[in-house]
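A.B. asks: prediction below, plus the sequence it came from.
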Amino acid sequence: MVKRITLLSIILLIFSCWPEKEVTSKAKWYKGNLHTHSFWSDGNDFPEMVLGWYKDNGYHFAVISDHNILQEGEKWKIVSNNKTNTIAYLKYLSKYEDNWVEERENEKGEKFVRLKTLDEIKPVLEVPEDFIIIQSEEISDSYNDKPIHLNVTNIQSLIMPAGGKSVSNVIQNNIDQAIKQRDETGIPMIIHLNHPNFMWAVTPEDIKKLKGERFFEIYNGHPLVNNYGDSLRPGMEEIWDIVQTSYLKEGKPLLYGLSVDDAHHYHKFSIDKINPGRGWVMVKSDTLSPGAIINSLEKGDFYSSTGVILEDIIFENNTLQVIVRKDPNVNYKIQFFGNKVSNGEGGTELLLEVEGTTASYTLTKEDLFVRAKIISDKLKENAQFVGEFEVAWVQPVLPRK
């Protein structure tokens with residue numbers, strides 16, 4: 001009996017000393033790029049040089065989303081036909097050893113280099129929990145000369161443009177193709193609508209008709225994308241709110257907003273070039289893997305940015321709290337925008353504005369949705385236009401019962 005009691009005491013002692021379960025989240029913020037181009041289509045650099053730029057500049061994940069092509073199979077790029085291609089080639093040679101670069105000449109003496117596939121590049125650049133590459137494609141379609149483009153992130157096989165009988169029909173047909181692949185493979189992937197205001201191709205009315213549209217670009221770093229609209233047409237944020245209201249009143253899921261750079265140009269940085277680093281997403285995830293990143297994006301566990309960094313976003317007890325990482329000598333405004341259940345599509349308004357690095361807004365049952373925007377007084381480096389300030393967008397939330 002004594003021995004049994006002693007044994008029981010020992011067991012209880014062991015369990016009393018056992019460390020408590022970790023209650024704090026292991027989730028981290030991962031910086032990522034969801035739209036960029038390389039020599040595989042109309043970018044002006046080699047894919048590993050492009051991806052290396054993102055890795056060297058603090059990104060944790062990146063995609064190559066070339067037009068209607070994946071980085072697979074054999075493709076050769078001429079590098080002796082113009083100055084930019086020659087510059088890219090010389091940089092490439094200085095970065096990688098001769099046994100990596102494969103080149104040949106034709107009978108005219110023109111020099112070509114074989115483009116590496118994503119399967120070849122990944123082992124060279126990827127580092128677990130530090131940097132990963134996610135396969136992507138920009139499905140590039142059109143209707144009556146209007147460019148209609150969608151990115152599929154974590155795509156598994158090439159999707160060719162589906163066409164259609166109207167702008168919304170073209171978008172829907174391509175969304176359906178991507179959803180079909182996702183359903184058939186069981187692999188997480190997201191479809192997002194690219195730059196609606198590029199050549200004013202896509203209107204709010206076009207987007208409102210869609211099914212399965214969960215993501216679109218509220219900021220695109222391409223100089224020809226009209227992010228802020230004009231005197232006659234809405235900017236991307238206004239489109240976001242109009243479509244959001246329509247979706248929620250029809251019982252559709254939230255529409256999330258992405259910030260991307262849509263980079264094409266890597267050798268000269270200026271306002272008239274389509275450079276990397278202008279827009280990105282910060283995704284909160286337990287691990288750095290394609291599936292985990294996609295799942296967090298689909299849950300809205302991310303924010304979009306052109307420079308402002310957040311310490312955290314907390315949504316508890318119907319209160320949305322935003323905490324900004326303070327940059328010395330920079331001032332911030334935290335704005336909360338939303339629409340009311342009783343309002344129409346044009347009813348989104350500024351609900352609260354706070355100067356500082358922390359602010360919160362408590363939703364009521366009267367709120368249809370609420371989102372936050374953080375504006376700094378720091379001018380953006382390599383801006384899309386003169387006088388552009390760094391900002392960030394927090395994804396919309398709904399009141400919880």
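C.D. replies: Thanks, I have the structure now.
A.B. asks: between the two ends of stretch 141-151, how far is it?
C.D. replies: 11 Å (C-alpha to C-alpha, to the nearest Å).
A.B. asks: cool, stretch 306-324 as well?
C.D. replies: Stretch 306-324 has an end-to-end distance of 14 Å (C-alpha to C-alpha).
A.B. asks: tell me the secondary structure for residue 361?
C.D. replies: Counting by DSSP: H, G, I helix; E, B strand; the rest coil, the backbone at residue 361 sits in strand.
A.B. asks: for the spatially closest residue to it that is not a sequence neighbour, pull up the helix or strand it's in.
C.D. replies: Leaving out its chain neighbours, the residue that sits closest to residue 361 by C-beta to C-beta, 6 or more residues apart in numbering is residue 336, at 4.2 Å. Placement of C-beta: from N, CA and C, glycine included. With secondary structure defined by DSSP states H and E, residue 336 is part of strand 332-340.
A.B. asks: name the surrounding residues that touch that strand.
C.D. replies: 241, 244-245, 308, 320, 322, 324, 326, 347-359, 361, 363, 366-377, 396 (C-beta atoms under 8 Å, 6 or more residues apart in numbering).
A.B. asks: ok, which stretches of the chain are helices?
C.D. replies: Assignment of helices within the chain using DSSP state H yields the ranges 2-17, 47-56, 83-95, 118-125, 167-185, 204-208, 236-249, 290-299.
A.B. asks: closest one to residue 72 among these?
C.D. replies: Residue 72 lies closest to helix 118-125 among the helices of the chain, at 6.7 Å (C-beta to C-beta).
A.B. asks: mind checking the pLDDT average for the closest one?
C.D. replies: Average pLDDT, helix 118-125: 98.
A.B. asks: tell me what that helix is packed against?
C.D. replies: helix 47-56, strand 132-143 (3 or more C-beta pairs under 8 Å, 6 or more residues apart in numbering; DSSP states H and E).
A.B. asks: now it against helix 47-56, angle please.
C.D. replies: 40 degrees (axes from the mean of the first three to the mean of the last three C-alpha atoms, to 10 degrees).
A.B. asks: would you mark the buried spots in helix 118-125?
C.D. replies: Neighbour counts over helix 118-125 (16 or more other C-beta atoms under 10 Å) mark 118, 121, 125 as buried.
A.B. asks: going by distance to residue 300, which of the residues you listed wins?
C.D. replies: For the buried residues of helix 118-125, the nearest to residue 300 is residue 118 (27.9 Å; C-beta to C-beta).
A.B. asks: residues contacting the closest residue to that closest one other than its chain neighbours?
C.D. replies: Leaving out its chain neighbours, the residue that sits closest to residue 118 by C-beta to C-beta, 6+ apart is residue 71, at 4.2 Å. If you count contacts by C-beta under 8 Å, 6+ apart, residue 71 has them with 38, 40, 47, 64, 115, 116, 117, 118, 121, 135.
A.B. asks: apart from its chain neighbours, what residue comes closest to the third one?
C.D. replies: If you skip the residues right next to it in sequence, residue 47 has residue 38 as its closest partner in space, 4.1 Å away by C-beta to C-beta, 6+ apart.
A.B. asks: give me phi/psi at the one you found?
C.D. replies: Note on residue 38: its backbone torsions stand at phi -140, psi -170 [degrees, to the nearest 10].
A.B. asks: same question, residue 108
C.D. replies: Torsion angles, degrees, to the nearest 10, at residue 108: phi -90, psi 0.
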